[in-house]
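>>> mind looking at a prediction? Sequence and model below.
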Amino acid sequence: MKSALRFAGALLLSVGLAAPAFSTEYPLPPADSRLIGENQLTTVPDDKRPLEAIAAKYQIGLLSMLEANPGTDPWLPKAGTQLVVPQQMLLPDTPREGIVVNLAELRLYYYPKGEDKVIVYPIGIGQLGAATPVMVTSVSQKIPNPTWTPTVNIRKRYAKDGITLPAVVPAGPENPMGLFALRLARGSGNYLIHGTNADFGIGMRVSSGCIRLRPQDIEALFNSVPKGTRVQVINQPVKFAVEPDGKRYVEVHQPLSHSDKDDPQTMPIALSPALKKFIKSPHSDSELIKAALERRSGMPVLVSNGEAVGEGTETAPEQAQSVQTTSVSQGAVNTP
């Protein structure tokens, strides 16, 4: 219990009580720093709305909210419950250029050229059997009011559910691709970053391989991203960093499942040589890192060896409950 409480304290150090911030825009930290943002607390209103409504309000994906708040009912969260809004994160360990998508955390990072900021969007990605691939590519085409031409495999998948798709779905509000799309240059151009006509699925594995954003987010991205922009798609469930002040952080997300039998909360996470070195460092608290790898909160955890985890940590049982593990389903829905 004591180690669990220490982990809770390390996690809660980064939870702020500031007024809600609705922007996904963060100042870009120095090159030797990757920690951005600040977590917030919010109270579930008594409006009988699903967790997705709260996630959308704060520009967070649904699974991110569930990772941060295990045990929360996604369909009807209990009114009056205090939830953590995970708005603090470590930037992926990639070039800070163009668009970076981390599949494991279901986020898209956009680094506008010549500007000291990064804009972060929650996304939906490819479901089981139609996974979004890791790649380095570029935006080859910007398409307003896209039509949707389902591939043969997509048509077969829908047919299994008794749905016959038309050869082409015309542009408009009923188009599953939404009103804006960015085609990626990879292969024959079948992968796109696009919008949606649904009010669910962001922060989930729901697409047929494309990357999906909420309508207002894809419109903003579409209007900002030039043709030819670099796009890098990675799959990093564990991010870690040493900040300029010497503090060490690890951020662990549930890994992407490979089959229906996988439990993302308990399935093994491969540790890279760099991460193993980080864990073995005398400056890292290996027990806190172990707890973070088990908890998979999706939020940065302070894991510096000998670092105080906050006054009064061991007297907050309701906060300590947040370190208990839970399984978050990565739902699959047939959409582009």
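On my side now, so go ahead. Numbering: from 1, shown residues only.
>>> where in this protein is pLDDT low?
1-23, 199, 308-336 (pLDDT under 70).
>>> which stretches of it form helices?
Here the chain has its helices, by DSSP state H, at 2-12, 51-57, 62-68, 152-160, 215-224, 273-280, 286-295, 317-320.
>>> of all the ones you listed, which one is nearest residue 166?
helix 152-160 (9.7 Å; Cβ to Cβ). C-beta here means a position set from N, CA and C on the backbone, and glycine is covered the same way.
>>> on that earlier part again, turn the helices of the chain into a markdown table, columns for distance to residue 97 and mean neighbour count.
A markdown table is the format used below for the helices of the chain (distance: least, Cβ to Cβ, whole Å; neighbours: other Cβ atoms under 10 Å):
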| stretch | distance to residue 97 | mean neighbour count |
| --- | --- | --- |
| helix 2-12 | 31 | 21 |
| helix 51-57 | 28 | 19 |
| helix 62-68 | 24 | 25 |
| helix 152-160 | 31 | 13 |
| helix 215-224 | 14 | 18 |
| helix 273-280 | 21 | 13 |
| helix 286-295 | 29 | 19 |
| helix 317-320 | 38 | 14 |
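>>> among those, which comes closest to residue 248?
Per Cβ to Cβ, nearest to residue 248 of the helices of the chain: helix 273-280, 7.4 Å.
>>> which elements pack onto that closest one?
Applying 3 or more Cβ pairs under 8 Å, 6 or more residues apart in numbering; DSSP states H and E, we find helix 273-280 packed against strand 238-242, helix 286-295.
>>> and those: which comes nearest residue 170?
strand 238-242 (40.9 Å).
>>> okay, the closest one in CSV with CA atoms only?
Output of strand 238-242 as CSV, limited to C-alpha atoms (Å, rounded to 0.1, in the frame of the first residue of the first chain):
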residue,chain,number,x,y,z
VAL,A,238,6.1,4.4,-23.0
LYS,A,239,7.7,7.9,-23.1
PHE,A,240,10.4,9.0,-20.7
ALA,A,241,12.5,12.1,-20.2
VAL,A,242,15.0,13.8,-18.0
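>>> neighbouring strands of that strand in the sheet, and parallel or not?
strand 248-252 (antiparallel) (DSSP bridges).
>>> with only the CA atoms kept, save the strand it pairs with in CSV.
Output of strand 248-252 as CSV, limited to C-alpha atoms (Å, rounded to 0.1, in the frame of the first residue of the first chain):
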residue,chain,number,x,y,z
ARG,A,248,12.9,12.3,-14.4
TYR,A,249,9.4,11.4,-15.8
VAL,A,250,7.8,8.4,-17.4
GLU,A,251,4.4,8.3,-19.1
VAL,A,252,2.9,4.9,-19.8
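>>> could you check the angle helix 286-295 makes with that strand?
Interaxial angle, strand 248-252 versus helix 286-295 (axes from the mean of the first three to the mean of the last three Cα atoms, to 10 degrees): 20 degrees.
>>> what residues does strand 248-252 touch?
For strand 248-252, the external contacting residues (Cβ atoms under 8 Å, 6 or more residues apart in numbering) are 35, 89-90, 105, 237-243, 269, 278, 281, 283-284, 289, 292-293, 295-305.
>>> one more time with 6 Å, if that's ok
Strand 248-252 is contacted from outside by 90, 238-242, 284, 289, 292-293, 296, 300-304, using Cβ atoms under 6 Å, 6 or more residues apart in numbering.
>>> can you tell which of the helices of the chain is closest to residue 193?
Closest approach to residue 193 among those (Cβ to Cβ): helix 215-224, 7.2 Å.
>>> other SSEs contacting the closest one?
Of the remaining helices and strands, those touching helix 215-224 by 3 or more Cβ pairs under 6 Å, 6 or more residues apart in numbering; DSSP states H and E are strand 180-184.
>>> dump the helices and strands packed on helix 273-280 into TSV; add distance to residue 205 as well.
As requested, the helices and strands packed on helix 273-280 are arranged in TSV below (distance: least, Cβ to Cβ, whole Å):
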stretch	distance to residue 205
strand 238-242	19
helix 286-295	21
